[in-house]
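Engineer: just a sequence and a predicted model for now, questions to come.
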Amino acid sequence: MRFGITPRRSPALATLVALSLSLTACSSGSLGSSGDKDELTLDFLVPTGPDSLPVGEQLAKDFSASHPDIKVNVETRPGGGEGDNVVKTRLATGEMADVFLYNTGSLFQAIDPEKNLVPMAGEDWVGKLDDLFVPTASVDDKVYGAPAGSNMGGGVLYNRKVYADLDLEVPKTWDEFMENNAKIKDAGIAPVIQTYQETWTSQLFVLGDYHNVAAAEPDFAKEYTANDVKFATSPAARRGFERLQEVHDAGYLNKGFGSATYEQGLRMIGKGEGAHYPMLTNSITPVIEAVPEAKDDMGFFALPGEDAAKNGLTAWSPAAAYIPKSTEGEKLTAAKKFLAFIAGPEGCKSITEAQPPSGPYSVKGCKLPADAPQAVKDTQRYFEDDAVTPALEFLSPVKGPALEQICIEVGSGIRPAKKGAQLYDKDVAKQAKQLGLKGW
């Protein structure tokens, strides 16, 4: 599934995951085959990626175990843009699976939910969804999807041992963050890890800064979508690019940042060879997989802004399970039972079994496991304090495809921040026109 920026696993780990998933996929096919004539089978379409397929498989297994008269057969599709086309084509032709897993936010809006999906009006579980998730899977106050994962935060993974050794406190302003970086550099440790070999990792200083943008300009998303404000002309929005430039110009980046890989970044932050790694919280588990002893050493904080009193987190909502209008009769009834399971405590347990959470769940009453890493617990505190803003991609369909390359240029000192913001404004204009948005 895609959230604008998507971490990737190591080749070795990907191979193991692929092998295990292929075996699991074989077993999932048997879920739909039975000699019981009264048994009903649902087809469940999920992406093939390691962040999606294990969740789909586990949900199918556990739901079928608790509902012996309903079996769930897991189908797979590609991820990314190719997968988007599969979903849109199958919806348009009426050949969509009975239930399917897909994004929330702007990509959800792009599949024309009112035309293609069954609204979940009247379902008891809808009232148990948190307020942050509901708008990301709704149209005109009608909820269409059940959250199939945990929330993610976009901010800074930090090494708690480095902080303790240097007697540092978690920063709540950008100035405090830069002061910490100066002390870290003096100690001979890389203050900020960047891994531009894998281009998607370059975007956090811009995308993770949206809470700060909204704190300064509450109507930014609406005005941005209407083409009434731009990144280059908004002081608050432009700050993300300026932050990229500032950490580079101060000499705070790791050596070889231009060719460093995501894997190397995970190991650096886990071992304390770098103090800060701007990243999504779904990278917490890969850090611990790469450096097991780092479980207690990892912490997380929101990207600091200008005002400590407004410090808060930019969050990414999980993907959701949807029912297409082509699902009818007994299958529709069964599909609604499946979504109720996904959006309940048993569904949360099932998802946790498949994939450790990267933040709190979107279902009220679902709790993090007691042994959740400290960095995940750090993320949860922002939700508990109601200091969370959805990422811009959940509030506006406008996002340019060239952002990661522009961020690399700014973060490498090739292009100044203002020029980068101007270039990005041109990039998003192309997409907005393709979408046919008014005002572009």
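Structural biologist: Yep, it's here.

Engineer: check which residues of the strand or helix carrying E242 are buried.
Structural biologist: Element membership for E242, per DSSP states H and E: helix 235-249. Buried residues in helix 235-249, counted by 16 or more other Cβ atoms under 10 Å: 236-248. (Each C-beta comes from the backbone N, C-alpha and C, glycine too.)

Engineer: ok, now stretch 92-110?
Structural biologist: Buried positions in stretch 92-110, judged by neighbour count with 16+ other Cβ under 10 Å: 96-109.

Engineer: likewise for stretch 318-330?
Structural biologist: Using 16+ other Cβ under 10 Å as the test for burial, stretch 318-330 gives P318, A319, A320, A321, Y322, I323, P324, S326, T327.

Engineer: was I right about the second one contacting G105?
Structural biologist: This points to A319. No: taking contacts as Cβ atoms under 8 Å, A319 lies outside contact range of G105: 9.6 Å.

Engineer: hang on, the earlier thing: including distance to D84 and pLDDT, could the buried residues of helix 235-249 go into CSV?
Structural biologist: Below are the buried residues of helix 235-249 laid out as CSV (distance: Cβ to Cβ, whole Å; pLDDT from 0 to 100):
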residue, distance to D84, pLDDT
A236, 30, 97
A237, 26, 98
R238, 30, 98
R239, 31, 98
G240, 26, 98
F241, 28, 98
E242, 32, 98
R243, 30, 98
L244, 28, 98
Q245, 33, 98
E246, 35, 98
V247, 33, 98
H248, 33, 98
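
Engineer: pLDDT score for G49?
Structural biologist: pLDDT for G49: 83.

Engineer: coming back round to it: for the buried residues of stretch 92-110, work out which two are farthest apart.
Structural biologist: Greatest spacing in those, by Cβ to Cβ: D98 and S106 (25.0 Å).

Engineer: next, the distance between the ends of stretch 347-367.
Structural biologist: Start-to-end span of stretch 347-367 (Cα to Cα, to the nearest Å) is 12 Å.

Engineer: run the chain-centre distance for that stretch.
Structural biologist: How far stretch 347-367 lies from its chain's middle: 14 Å, per Cα atoms, centre = their mean, to the nearest Å.

Engineer: go through that stretch and flag the buried ones.
Structural biologist: Buried, per 16+ other Cβ under 10 Å, within stretch 347-367: 347-348, 350-352, 354-363, 366.

Engineer: please work out the average pLDDT along that stretch.
Structural biologist: Stretch 347-367 comes out at a mean pLDDT of 95.

Engineer: where does pLDDT dip in this structure?
Structural biologist: For the chain, the stretches with pLDDT under 70 are 1-37.

Engineer: and the buried residues of stretch 92-110, which is closest to A417?
Structural biologist: Nearest member of these to A417, counting by Cβ to Cβ, is S106, at 25.0 Å.

Engineer: leaving out sequence neighbours, find the closest residue to the closest one.
Structural biologist: In space, and not counting its chain neighbours, S106 is closest to P397: 4.1 Å by Cβ to Cβ, 6 or more residues apart in numbering.

Engineer: quick check, K325 in contact with V118.
Structural biologist: Yes: counting by Cβ under 8 Å, K325 touches V118, with 5.8 Å between them.

Engineer: hmm, who's touching stretch 364-379?
Structural biologist: The contact list for stretch 364-379 (Cβ atoms under 8 Å, 6 or more residues apart in numbering) reads 128-130, 151, 153, 157, 160, 281, 284-285, 288, 295-296, 298-301, 313, 345, 348, 352, 356-361, 380.
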